[in-house]
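Q: Need a 3D model of the sequence below.
(3 chains)
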Amino acid sequence: MADQRFFDNTGALTLDRIAEIAGARVLRDSGQRTLTDLASLDAAGPDQLSYCESVKFKGALERTRAAAVLVAEPLASFVPVTCTTLVCAKPAVGFAKVAHAFYPNPGCLWPLAKPPVHSIAPSARVGEGAVIGPNVFIGEDVEIGRDCEIAPGAVIGRGVQIGHNAKIGPHVTISHALIGDRFTIHSGSSIGQDGYGYIAGPGGHFKIPQLGRVIIQDDVEIGSNAAIARGTLTDTVIGEGTKIDNLVQIGHNTRIGRRCIIVAQVGFSGSVTVEDGVVFGGQVGIADHLTIGKGAYIAGKAGVTHTLEGGRIYGGFPAKPVEQWRREVGVLSRLAKGKRNKDERDGGKD
Amino acid sequence: MADQRFFDNTGALTLDRIAEIAGARVLRDSGQRTLTDLASLDAAGPDQLSYCESVKFKGALERTRAAAVLVAEPLASFVPVTCTTLVCAKPAVGFAKVAHAFYPNPGCLWPLAKPPVHSIAPSARVGEGAVIGPNVFIGEDVEIGRDCEIAPGAVIGRGVQIGHNAKIGPHVTISHALIGDRFTIHSGSSIGQDGYGYIAGPGGHFKIPQLGRVIIQDDVEIGSNAAIARGTLTDTVIGEGTKIDNLVQIGHNTRIGRRCIIVAQVGFSGSVTVEDGVVFGGQVGIADHLTIGKGAYIAGKAGVTHTLEGGRIYGGFPAKPVEQWRREVGVLSRLAKGKRNKDERDGGKD
Amino acid sequence: MADQRFFDNTGALTLDRIAEIAGARVLRDSGQRTLTDLASLDAAGPDQLSYCESVKFKGALERTRAAAVLVAEPLASFVPVTCTTLVCAKPAVGFAKVAHAFYPNPGCLWPLAKPPVHSIAPSARVGEGAVIGPNVFIGEDVEIGRDCEIAPGAVIGRGVQIGHNAKIGPHVTISHALIGDRFTIHSGSSIGQDGYGYIAGPGGHFKIPQLGRVIIQDDVEIGSNAAIARGTLTDTVIGEGTKIDNLVQIGHNTRIGRRCIIVAQVGFSGSVTVEDGVVFGGQVGIADHLTIGKGAYIAGKAGVTHTLEGGRIYGGFPAKPVEQWRREVGVLSRLAKGKRNKDERDGGKD
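A: Below is the predicted model of the structure:
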């Protein structure tokens, strides 16, 4: 199903191997011994795997032409008789694991057949197995781990350290940063540039030197065209397993916890503290020096102006518990409709 | 009027040729046979063309020193006697067409006098008439049409197809994409990077492979530093003639219709469907899996949380029909002012 | 305190020299003759300088192990006896000046030990003392002043003029621009691309040629991944001493005054006029053709839909004087809580 111009399929997998990868058991075997690919329920063909996560998609499941399908046990009865039933607790996770097996390296688009044109400082150390594209710049004393891919035009400034298995996209700029293993960053993002710090004075805005760093722990992924400023006197920190979408802004000295989800165009001011497992919807803004408690969920486009305790859902601007925000939206809507009705009765205008 | 360091004026045009290009007729001829340039009403000099779109600018029209002016018929009586009157139905369109004629190639800033330093894979096919800047990377099996300009540092990943007459700006990254004719994209934008898809689990956020593509139809323009993610199992699609401004985010699997207008910093979540001719003001956000109907108009900074039917104007957060939003804004303002007045009468405080 | 992999400390400074740089006088001398570095109150060690700006940090001041501390006179009594007391009117400004003295060139990460691989047009003039990274492109007739740093991959289009002491970050694109002295711009920003101007018509959106420029006066700083479009018939202007954060959008023909502060992700439509000394919080949006008066302060995430007079604080969407916005937020909150209480009394549902 994946476009072969962009993705390399590694070849057929046996049904037993697929079940093993997905953590599934074969509930009913329709006889197909090997599968060559995977697809959604409606697109999958007779040698392909699909999955069904929810009873919402029961109709598509009943009509699928897939050779095999991953389902949770309660949905097994809806699988067509021509289709092998693979039962597992989390079909979407299982499907994603099999997708990784069919397409183990979907991002490696920059292989090199000839010596690259790039600038690597003599004092830089790059681990074994690195693939480095043309026009890459790697500064003095940089250390990069094993099996990293560095796409064309990436710029890595002096002294940066990056762990093993990093994937650095085209035109990424990284400076003033210490980064863990399995880091992925997409095209055009900037890490480690000056934080935005000035002191107002009669002679204009006086720049505060930004002398900190960006610390990125293991298993972080960052999208395209995001910007993460380095700290002023302390560091900007991104915790282990946190995932950051496109065009996100993270101000200086902000500390993001582990396993947070930060959707596109979110903006953090400086010196924000985010505890573990917080979810930010798209375009959320967070004022400076606030704390967001563990496991909080901030709905898209909210504006956070106060510290928020963990474990709750917030929305609106200023952000508040979501049930209160919904009541406010409802009350205001009814007031405005009441006014319209009164105007119409009166034949009046405002 | 245009700065000659940046723009190449192709030389004088006759009045008849200008009328033909603009689709105008000469209502009153003041005798000037050729024009060399164009400018706004107040800046235009005695061998230049100007235009007047609205009676709002009647004063400037009466004072203009332009050699000729494009106006709609009702404004013709305000044109000074020293100035040739060119009447056409849409003066701004006519003026823009003449501007294209005086400055046919305003973006070609990267000509090459010597062989470039770039990396083009042997299997890539680039059509005739291409201008390719230094430090460009073009991957394997890329196909690019005739008469394309590819600015310094652009990176085009394996298998990408681009039609004729494309203009690719500096530091643009394109991967996993099939693109039509007359495509323009400005500096620093990213097309085709991974969509933002994870499954939460006890071991952290598990990445869903992003195996789709970005399909961009003919006559699309994209600004600077925008990000368009490729699809997951399906494609992200941008319809024919749609224009996208700077710093816009388009999530995976989103399908944008034809001739839409998407102003700066708009953000689409994943799997949004936008029908034809929709207009999005700046900083609008759209939640996932919604549909925006044909010809809808979404005012700037709105937050769209529900599917919206076509042909209407919406605003606010959550987005609603604009007349309702205005009533809500007015009702709340009056309530707050009433409270202030009451506080002042009571001498009280809240 | 600064990480020596990223920052070059120029060596020890005498106490007298530090007092002179900071504009401070020695109120009580603990005997330490030279200092080698600086840090925050809690991190500073026995040969380092610190500062205290506010009585809020009195506790940290009383506990500091710094060799010397900059304070305003009223806080001098809280300085430990082991610590030299330096009194000055604005301790944060003094501290920043000393930080510049210890780390005079924190951004110079791209020195070159060997000839660079870059493309500089023969007609381009680059002043003395320039440091130009690899893969830089400089177009025809470009003029760049003395002592500029141009990082790897920067692209500067034909005819651009830049003054003395500029710092151009990696992957910056600049075209159609005239720029003053002491300009700093961070990685990935785009200056001078086409403005977003179209005329709607039956045959689609017709592009208006963008024939203006971007004019940037002295002492401007711009963050990462920002986008500033050039003008249509006039110019886009950024006034002297204005500081712009990451991911900011500035539309065509917008004129920003002197010494403005524009925090991350702010978006200006086209043809906005901003007078001097205006402050914009993060994610503010400004509709087109408005004027923002001198010294106005717009709180974060506000949506400006009308012209605003100077000298006042505004917030909310639509933006209004902040005291009115706060009353509206309070009134709505009380109405919604009243409704909840009534529902609970009635045992009712809405």
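Q: immediately after the lowest-mean-pLDDT helix or strand in chain A, which helix or strand?
A: Among the helices and strands of chain A, strand A:198-201 carries the lowest confidence by mean pLDDT, DSSP states H and E, at a mean of 78. If you walk from strand A:198-201 toward the C-terminus, the next helix or strand you reach (DSSP states H and E) is strand A:204-207.
Q: Would you list the strands that that following strand pairs with, along with their directions?
A: According to DSSP bridges, the neighbouring strands of strand A:204-207, each with its direction, are strand A:198-201 (antiparallel).
Q: Pull the contacting residues for the nearest residue to residue A:286 once chain neighbours are set aside.
A: In space, and not counting its chain neighbours, residue A:286 is closest to residue A:304: 4.4 Å by C-beta to C-beta, 6 or more residues apart in numbering or on different chains. In short, each C-beta sits where N, CA and C put it, glycine included. Neighbour list for residue A:304: A:284-287, A:290, A:292, A:298, A:314, A:318-319 [criterion: C-beta atoms under 8 Å, 6 or more residues apart in numbering or on different chains].
Q: so can I have a markdown table of these showing secondary structure, pLDDT and neighbour count?
A: Shown next, in a markdown table, are these (DSSP: H, G, I helix; E, B strand; the rest coil; pLDDT from 0 to 100; neighbours: other C-beta atoms under 10 Å in any protein chain shown):
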| residue | secondary structure | pLDDT | neighbour count |
| --- | --- | --- | --- |
| A:284 | coil | 98 | 29 |
| A:285 | strand | 98 | 28 |
| A:286 | strand | 98 | 29 |
| A:287 | coil | 97 | 22 |
| A:290 | coil | 96 | 19 |
| A:292 | strand | 98 | 27 |
| A:298 | strand | 98 | 27 |
| A:314 | strand | 98 | 23 |
| A:318 | coil | 96 | 19 |
| A:319 | coil | 97 | 25 |
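Q: of all the residues you listed, which comes closest to residue A:78?
A: Relative to residue A:78, the closest of these is residue A:298; by C-beta to C-beta it sits at 36.5 Å.
Q: Quick check: bridge partners of that closest one?
A: Beta bridges link residue A:298 to residue A:280, residue A:314, judged by DSSP bridges.
Q: State the helix or strand in which the residue of the stretch 51-200 of chain A found nearest chain C lies.
A: In the stretch 51-200 of chain A, the residue found nearest to chain C is residue A:159; the distance is 3.0 Å by C-beta to the nearest C-beta. Secondary-structure assignment from DSSP H and E places residue A:159 in no helical or strand segment.
Q: Let me see the confidence value for it.
A: pLDDT, residue A:159: 84.
Q: what's the burial count for it?
A: Neighbourhood size, residue A:159 [other C-beta atoms under 10 Å in any protein chain shown]: 23.
Q: ok, now residue A:78?
A: Look at residue A:78: counted by other C-beta under 10 Å, it has 18 neighbours.
Q: Run through who's touching the lengthiest helix in chain A.
A: Identified as the longest helix of chain A according to DSSP state H is helix A:322-346. Counting contacts by C-beta under 8 Å, 6+ apart, the residues outside helix A:322-346 that touch it are A:299, A:312-316, A:319-320, A:348-350, B:318, B:320, B:324, B:327-328, B:330-332, B:335, C:332-333, C:335-337, C:339-340, C:350.
Q: From these, keep the buried residues only.
A: Neighbour-count burial (16 or more other C-beta atoms under 10 Å in any protein chain shown) is assigned, among the contacts of helix A:322-346, to A:299, A:314-316, A:319-320, B:318, B:320, B:324, B:327-328, B:331-332, B:335, C:332-333, C:335-336, C:339.
Q: which stretches of the stretch 251-350 of chain A have low pLDDT?
A: Along the stretch 251-350 of chain A, segments meeting pLDDT under 70 span A:343, A:347-350.
Q: what residues does it put near chain C?
A: With C-beta under 8 Å from any C-beta of the partner chain as the criterion, the stretch 251-350 of chain A meets chain C at residues A:251, A:265, A:267, A:269, A:283, A:285, A:287, A:303, A:305, A:317-318, A:320, A:324, A:327-328, A:330-332, A:335.
Q: Quick check: phi and psi at the residue nearest to residue A:286.
A: Geometry field for residue A:304 lists phi and psi as phi -90, psi 120, criterion degrees, to the nearest 10.
Q: what's the pLDDT at residue A:109?
A: The pLDDT attached to residue A:109 in the predicted structure is 39.
Q: typo on my end, residue A:219
A: Note on residue A:219: pLDDT of 97.
Q: List the contacts of it.
A: A:180-183, A:240-241, B:204.
Q: By neighbour count, which of those residues wins?
A: Within these, neighbour counts (other C-beta under 10 Å) peak at residue A:183, which reaches 26 neighbours.
Q: Would you mind confirming that that one makes contact with residue A:160?
A: No - contact status for residue A:183 versus residue A:160: not in contact, 11.2 Å apart, counting by C-beta atoms under 8 Å.
Q: Enumerate the residues of the stretch 201-350 of chain A near chain B.
A: On the criterion C-beta under 8 Å from any C-beta, chain B has as its neighbours in the stretch 201-350 of chain A the residues A:219, A:221, A:223-225, A:240-241, A:243, A:245-247, A:259, A:261, A:263-265, A:281-283, A:300-301, A:317, A:329, A:332-333, A:335-337, A:339-340, A:350.
Q: Which positions in stretch A:169-180 come out as buried?
A: Buried residues in stretch A:169-180, counted by 16+ other C-beta under 10 Å: A:169-180.
Q: Quick one: end-to-end length of it, please.
A: Start-to-end span of stretch A:169-180 (C-alpha to C-alpha, to the nearest Å) is 16 Å.
Q: distance between that stretch and the chain's centre?
A: Between the mean C-alpha location of stretch A:169-180 and the chain-wide mean there is a distance of 17 Å, by C-alpha atoms, centre = their mean, to the nearest Å.
Q: Leaving aside the residues adjacent along the chain, what's closest to residue A:259?
A: The shortest distance from residue A:259 to any residue that is not its chain neighbour, by C-beta to C-beta, 6+ apart, is 4.3 Å, and that residue is residue A:241.
Q: nearest spatial neighbour of residue A:273, skipping sequence neighbours?
A: Excluding its sequence neighbours, the residue lying closest to residue A:273 (C-beta to C-beta, 6+ apart) is residue A:291, at 4.4 Å.
Q: Hmm, residue A:307 and the one you found touching each other?
A: Yes - using C-beta under 8 Å, residue A:291 and residue A:307 qualify as a contacting pair, with a distance of 4.7 Å.
Q: Which residue ranges make up the domains of chain A?
A: In terms of domains, chain A is parsed into A:13-102, A:119-322 (source: automatic domain parsing).
Q: would you turn those into TSV with distance to residue B:229?
A: Supplementary listing: the domains of chain A in TSV, determined by distance: least, C-beta to C-beta, whole Å:
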stretch	distance to residue B:229
domain A:13-102	17
domain A:119-322	7
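Q: Across the sheet, point out what pairs with residue A:150.
A: When assigned by DSSP bridges, residue A:150 has beta-bridge partners residue A:132, residue A:168.
Q: Could you give the number of residues near residue A:201?
A: When counting by other C-beta under 10 Å, one arrives at 13 neighbours for residue A:201.
Q: re the thing from before, shouldn't the residue nearest to residue A:259 be within a helix?
A: No - going by DSSP: H, G, I helix; E, B strand; the rest coil, the assignment for residue A:241 is coil, not a helix.
Q: give the contact list for it.
A: Residue A:241 makes contacts with A:217-220, A:258-259, B:204-205, as judged by C-beta under 8 Å, 6+ apart.
Q: before we move on, what about residue A:128?
A: Residue A:128 is in contact with A:146-147, counting by C-beta under 8 Å, 6+ apart.
Q: now with 6 Å?
A: Applying C-beta atoms under 6 Å, 6 or more residues apart in numbering or on different chains, we find residue A:128 in contact with residue A:146.
Q: tell me the pLDDT at it?
A: The score at residue A:128 is 93. That number is its pLDDT.
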